[in-house]
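Peer 1: Next input, structure requested:
(2 chains)
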Amino acid sequence: MPAPTLPLEMPATGKQQPSAEAIRFENVSLAYDDKRILDGISFRLPHGETKAVFGVAGSGKSTMLKLALGLIKPDSGRIYVLGEEVTQMSEKDLFKLRGRIGMVFQESALFDSFTVRENVAFRLIEDGDVSDDEIERRVREALSFVELERTVDMFPAELSGGMRRRVAIARAIITQPEILLYDSPTGGLDPVTSTTIVELIVKQRDVYKTSSLLVTHRLQDAFIMATHYFDRKANRMLPLASGTRCEVPMAFLILREGKVIFDGDLDELAKCKDEYIREYIS
Amino acid sequence: MAAGDLQVQLISPAQFAKEKIQALQEYALLVGQSLANLFRRPLYITDMVQQADLIGVGSLPIVILTGGFTGAVLALNSASTLSRFGSLTLIAQLVSVGMVTELGPVITGLMVAGRNASGMASELGSMTVTEQIDAMRALGTDPTKKLVTPRVVATVIMLFFLTIISDLLGLAGGNMVSTLLLGLDSRQYWTSAWQSLVWRDVTTGLIKPVLFGFVISTVGCYFGMSTRGGTQGVGRSTTQAVVVASVLILVVDFFVTKLLIALLGYR
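Peer 2: Next up, the predicted model:
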């Protein structure tokens, strides 16, 4: 796989946060039409950590991300994002908070009537106080990060599924958000393209050290993330030496029937005796 | 096909009423937000101009055709009745008042509803089911401000002008029938048409398109933004938007006419 180009202005360290954790769920429950989606789930995502969320289809993984963004409200419980309680915030205040969070949607959710440039620059254009030259520079930089500079004038319909995901990542990272939420970024993609996307996520994780919540069906994606790091000198993803840990903490969270049944790192997951989890990861 | 596939899901009257009241509440909220957004920045002037072009210029051909032919057929139908009483010269008065107060606004409203309420519902509906609306919210932009308010403003303004064009074309259509088929004098037709109009007719005829434009755009946007269930849901929303907007135009027309008569009196 070709190594993605690294923009020169890329920061090497994550931002310092005043609050203890990037995201905290406290006893959050949600039901749709009498069907319980989330049943009192609690977990925390510390700053700088990447947490992979697993679960079978319909276990409430994507719903969790939408709750964290305040796109939907829980029936009960509290959600804190960057120190603010999103469950108590008005939509107007949420718009400001969402400006500090990047989200990559399951099917990319690119604006189909906009070009790639307009999609990636959407946040900057909406801000209104960024010059055209600065917008162009940052769009090029974000697209260069995902290796799609040549698509800048194309429309989403002209791109392949994998390219759309990469544009969605570029759109999410253009403002260097404090939290990144990935909703099944490799879902429906072929293995080669999936690896490209995983490499971009690892690159984002290790270069920016952004706190991230990654929802995925593919265990292998999360295991690759846990066992690889992005080498800035080689400009590519490389496997970690045996017995070493990734510089950026990586954790796993498993949902079953709306409840958290596991929350820990790779070693804890490997040692877990729970029959369901053993079967799930085997 | 399994028997279960053909089962129709029945809901209780209480549940049905609850759903309708909730829909009304959501519609009222959207209407309130779209109006409140007029006083909040940014105003998205470029989007308003773009929508005005799509709605106004795009609807011009159908408005010209329907306005012209409505005026013509009104003159044609009236002629047989009026000639029985030897009052064929009143045809200009009938076409003029009929077009300006009633047929111009209503026909134009129905045409624009068919073309644009469906367009709005399908465009916003597609954006909803493909999570583009959620993405917009996630990117920190209010979709009602960016997508709904520009459409409401553009529809209200453009329907106002489209109705004036439709009225004029209706009068021109009536003139063609009167002069070419009925042998009336063209100058007499226009003089009579102009003189028969009073300010109350013009006021009535220009208030209606403003309200109809508001109904068309808010209904179209509401059904688009509340779309559920993939492409099938988009189709359903599109149909519902056209049906509800068309019916509401006729309902609003009745109540506005009644109100204006109460306020301004009969001719």
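
Peer 1: Within range of chain B, give me the residues from chain A.
Peer 2: Taking Cβ under 8 Å from any Cβ of the partner chain as the measure of proximity, chain A contacts chain B at A:66, A:69, A:71, A:91-92, A:95-96, A:98-99, A:101, A:103, A:105-107, A:109-112, A:122-123, A:126, A:128, A:171. Where you see a C-beta, it was placed from the backbone N, CA and C, and this is true even at glycine.

Peer 1: Just the buried ones from the residues you listed?
Peer 2: Buried subset of those (neighbour count, 16 or more other Cβ atoms under 10 Å in any protein chain shown): A:66, A:69, A:71, A:95, A:98-99, A:101, A:103, A:105-107, A:109-111, A:122-123, A:126, A:171.

Peer 1: Shouldn't B:T227 be within a strand?
Peer 2: No - under DSSP: H, G, I helix; E, B strand; the rest coil, B:T227 sits outside any strand and is assigned coil.

Peer 1: name the element the closest residue to it other than its chain neighbours belongs to?
Peer 2: Closest residue to B:T227 in three dimensions, ignoring its sequence neighbours and counting by Cβ to Cβ, 6 or more residues apart in numbering or on different chains: B:G125, at 3.6 Å. B:G125 belongs to helix B:118-129 when assigned by DSSP states H and E.

Peer 1: Tell me which other helices or strands that helix touches.
Peer 2: Secondary-structure packing of helix B:118-129 (3 or more Cβ pairs under 8 Å, 6 or more residues apart in numbering or on different chains; DSSP states H and E): helix B:132-138, helix B:199-225, helix B:230-264.

Peer 1: Dump those helices into a markdown table; add mean pLDDT as well.
Peer 2: Converted to a markdown table, those look like this (pLDDT from 0 to 100):
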| stretch | mean pLDDT |
| --- | --- |
| helix B:132-138 | 94 |
| helix B:199-225 | 95 |
| helix B:230-264 | 94 |
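
Peer 1: Tell me who's in contact with B:L76.
Peer 2: B:L76 sits next to B:177, B:181 when contact means Cβ atoms under 8 Å, 6 or more residues apart in numbering or on different chains.

Peer 1: what's the spacing between it and chain A?
Peer 2: Distance, B:L76 to chain A, by Cβ to the nearest Cβ, to the nearest Å: 44 Å.

Peer 1: ok so that residue is a helix residue?
Peer 2: Yes - secondary structure of B:L76 (three-state DSSP): part of a helix.

Peer 1: Show the pLDDT at it.
Peer 2: B:L76 is assigned 92 on the pLDDT scale.

Peer 1: Equivalent analysis for A:P18, please.
Peer 2: 49.

Peer 1: Same question for A:D34.
Peer 2: 77.

Peer 1: do B:L6 as well
Peer 2: The model reports B:L6 with a pLDDT of 49.

Peer 1: do the same with the one 10 residues further on
Peer 2: On the pLDDT scale, B:F16 is placed at 86.

Peer 1: ok, it - how many residues close by?
Peer 2: B:F16 has 11 neighbours, counted by other Cβ atoms under 10 Å in any protein chain shown.

Peer 1: Show me which positions of stretch B:27-43 end up buried.
Peer 2: Within stretch B:27-43, the residues scored as buried using 16+ other Cβ under 10 Å are B:27, B:30-31, B:33-34, B:37.

Peer 1: Mind putting those residues into CSV with distance to A:N27 and secondary structure?
Peer 2: Output for those, formatted as CSV (distance: Cβ to Cβ, whole Å; DSSP: H, G, I helix; E, B strand; the rest coil):
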residue, distance to A:N27, secondary structure
B:Y27, 34, helix
B:L30, 32, helix
B:V31, 36, helix
B:Q33, 32, helix
B:S34, 37, helix
B:N37, 36, helix
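
Peer 1: could those be laid out in CSV, adding distance to B:P143 and pLDDT?
Peer 2: Converted to CSV, the buried residues of stretch B:27-43 look like this (distance: Cβ to Cβ, whole Å; pLDDT from 0 to 100):
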residue, distance to B:P143, pLDDT
B:Y27, 15, 94
B:L30, 10, 94
B:V31, 15, 94
B:Q33, 10, 92
B:S34, 11, 92
B:N37, 11, 91
